[in-house]
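> Just to be clear, the model below is a prediction. Sequence and coordinates:
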Amino acid sequence: MATAVPENLIVFDPSSMSVQELAKNPPPSLPQCYLREDQNIPDAEPESLPIIDMKRFLSEEHREAELKKLDSACREWGIFQLVNHGVSEEELEKVRNGVEGFFSLPPQEKMKYKIRPGDIEGYGSVIRSQAEKQDWCDRFYMTINPIHKRKPYLYPELPPSFRTVLDMYIEKAQNIGMTLVGLLEKALKMEEGEMKEVFEDGLQSLRMTYYPTCPKPEQVMGLKAHSDYTIITLLNQVNGVSGLQVDKNGVWVPVNILPNSLVVNVGDILEIISNGVYKSPVHRATVNTGKERISMVLFFVAKLDAEIGPAKSLISPENPPLFKTLEAEKYFNEYFSLKQQGRSL
Ligand SMILES: O=C(O)CCC(=O)C(=O)O
Ligand SMILES: [Fe+2]
């Protein structure tokens with residue numbers, strides 16, 4: 001694996017090399033496939049995202065107020081910071097060391113997990129077309145639930161000490177997800193268990209992303225604008241470097257770093273279940289010249305045999321469904337046929 005890129009390189013094949021390696025020795029002009037002409041990275045003031053405190057749901061005194069906060073965070077932002085979520089500072093530190101350790105493995109070690117032709121899981125980037133601009137990042141994406149859907153050459157083949165950390169984190173994250181879904185049902189005034197039914201033991205995947213520094217961050221995008229096709233997404237800004245931006249009323253708002261918090265965002269399926277009341281926000285990730293950024297995301301999708309549509313308990317003649325109801329599998333097929341560009345709604 002070469003680490004230096006010849007200066008006269010005209011055609012660059014992003015599938016042959018990681019962005020992490022490219023960024024160690026970037027050529028004076030970056031490969032065309034990363035250069036975007038339509039960039040607008042405004043200097044919007046970082047606004048503090050709403051903060052939801054899980055502990056307050058346990059107290060009789062604070063519960064109602066916190067539910068109201070959760071409800072307005074999902075209506076107005078579709079994204080919020082979660083504190084007192086049950087993953088301790090020490091555990092977050094272990095996750096950070098584990099994920100940083102993974103990305104600092106030698107290239108040939110990481111390439112063992114390389115995305116295989118025709119697949120989307122594994123390490124690297126999925127190149128859909130030569131014309132499409134590539135994101136300035138390397139990713140490791142894998143299905144983690146149901147367990148029988150795990151690819152035998154990905155999760156089980158990770159270094160054992162890292163797997164132990166991931167096992168711990170995933171179990172905690174699943175508990176957080178389940179608790180949040182119960183709270184969201186209450187906030188939306190849905191029938192109890194209605195969303196849990198779609199969520200519980202559903203499809204879940206994990207994505208770790210390494211965004212290297214870039215000499216010309218204004219010319220590239222770490223991760224292009226999109227919304228998530230999930231019920232909810234749990235984001236860990238692993239190494240405390242900012243870069244995530246969320247589209248709020250047409251303005252890109254940078255997401256601040258709140259130490260030891262996790263970020264939760266509403267996904268497209270929750271927008272559908274809530275019949276459009278909660279917003280699945282468009283978001284993207286930028287990069288910078290100074291420090292690499294690492295994130296880890298847990299996508300909570302839905303049970304494969306679930307029906308995805310507006311919650312029956314929210315629908316009435318006065319509040320007709322704004323979305324059609326589809327079997328989850330059909331929904332996923334439609335989603336992937338949209339080439340994961342933009343939104344599944
Ligand atoms: O890295 C981030 O902050 C965001 C990642 C993300 O939005 C995604 O993987 O869908
Ligand atoms: Fe996302």
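That came through fine. This is a predicted model, so every value here is computed, not measured. Ligands and ions are numbered 1, 2, ... in the order given.
> Who are the contact partners of the residue in the stretch 101-250 of the chain that ligand 1 sits nearest to?
Of all residues in the stretch 101-250 of the chain, residue 244 sits closest to ligand 1, at 3.8 Å by Cβ to the nearest ligand atom. Bear in mind the C-beta positions are built from the backbone N, C-alpha and C, glycine included. By Cβ atoms under 8 Å, 6 or more residues apart in numbering, the residues touching residue 244 are 235, 237, 254, 255, 263, 283, 284, 285, 295.
> give me that answer again for 10 Å
Residues near residue 244 by Cβ atoms under 10 Å, 6 or more residues apart in numbering: 49, 79, 222-223, 235, 237, 253-257, 263, 265, 283-286, 293, 295.
> Let's see which of the residues you listed end up in strands.
79, 223, 235, 253, 254, 263, 265, 283, 284, 285, 293, 295 (DSSP state E).
> Distance of the residue of the stretch 101-250 of the chain closest to ligand 1 relative to residue 283?
Look at residue 244 and residue 283: by Cβ to Cβ, to the nearest Å, they are 6 Å apart.
> who touches both of these two?
79, 223, 235, 253, 255, 263, 265.
> top of these by neighbour count?
Greatest neighbour count in those, by other Cβ atoms under 10 Å, goes to residue 265: 26 neighbours.
> one step back: so which of the ones in strands among the contacts of residue 244 comes closest to ligand 1?
residue 295 (3.3 Å).
> Who does that closest one form a beta bridge with?
Taking DSSP bridges as the rule, residue 295 bridges to residue 209.
> same check, this time on the one 4 residues further on
Legend: beta-bridge partners of residue 299 under DSSP bridges are residue 205, residue 233.
> quick one: it and residue 170 touch, right?
No: the pair residue 299 / residue 170 is not scored as a contact, 11.8 Å apart, by Cβ atoms under 10 Å.
> The two: who's more crowded?
Legend: neighbour count by other Cβ under 10 Å for residue 299 and residue 170, higher for residue 299 (21 against 16).
> how far away is residue 164 from residue 155?
12 Å.
> So for those two, which sits in the more crowded spot?
residue 155 (19 against 13).
> What is the burial count for the residue nearest to that one when sequence neighbours are not counted?
Distances taken as Cβ to Cβ, 6 or more residues apart in numbering put residue 142 closest to residue 155, at 5.8 Å, once the chain neighbours are dropped. Using other Cβ under 10 Å, residue 142 has 21 other residues around it.
> how about residue 187, what does it touch?
66-75, 180, 274, 277-278.
> how about 6 Å then?
67, 70, 71 (Cβ atoms under 6 Å, 6 or more residues apart in numbering).
> Provide the backbone phi and psi angles at the second one.
In terms of degrees, to the nearest 10, the main-chain angles of residue 70 are phi -60, psi -40.
> Correct me if wrong: it contacts residue 51.
No: judged on Cβ atoms under 6 Å, residue 70 makes no contact with residue 51 at a distance of 10.6 Å.
> next one: phi and psi at the residue of the stretch 101-250 of the chain closest to ligand 1?
Residue 244 has phi and psi values of phi -70, psi 140 when expressed as degrees, to the nearest 10.
> now swap in residue 270 and tell me
Torsion angles at residue 270 (phi, psi; degrees, to the nearest 10) stand at phi -70, psi -40.
> Let me know the distance separating it from residue 310.
11 Å.
> Looking only at neighbour counts, state which of the two leads.
Taking other Cβ under 10 Å, residue 270 and residue 310 do not tie; residue 270 has more neighbours (28 against 21).
> Up against ligand 1, what does the chain have?
Within the chain, the positions near ligand 1 by Cβ under 6 Å from any ligand atom are 207, 209, 223, 228, 235, 244, 283, 285, 295, 297.
> Contact partners for the second one?
When you say that, I think you mean residue 209. Neighbouring residues of residue 209 by Cβ under 6 Å, 6+ apart: 137, 139, 295.
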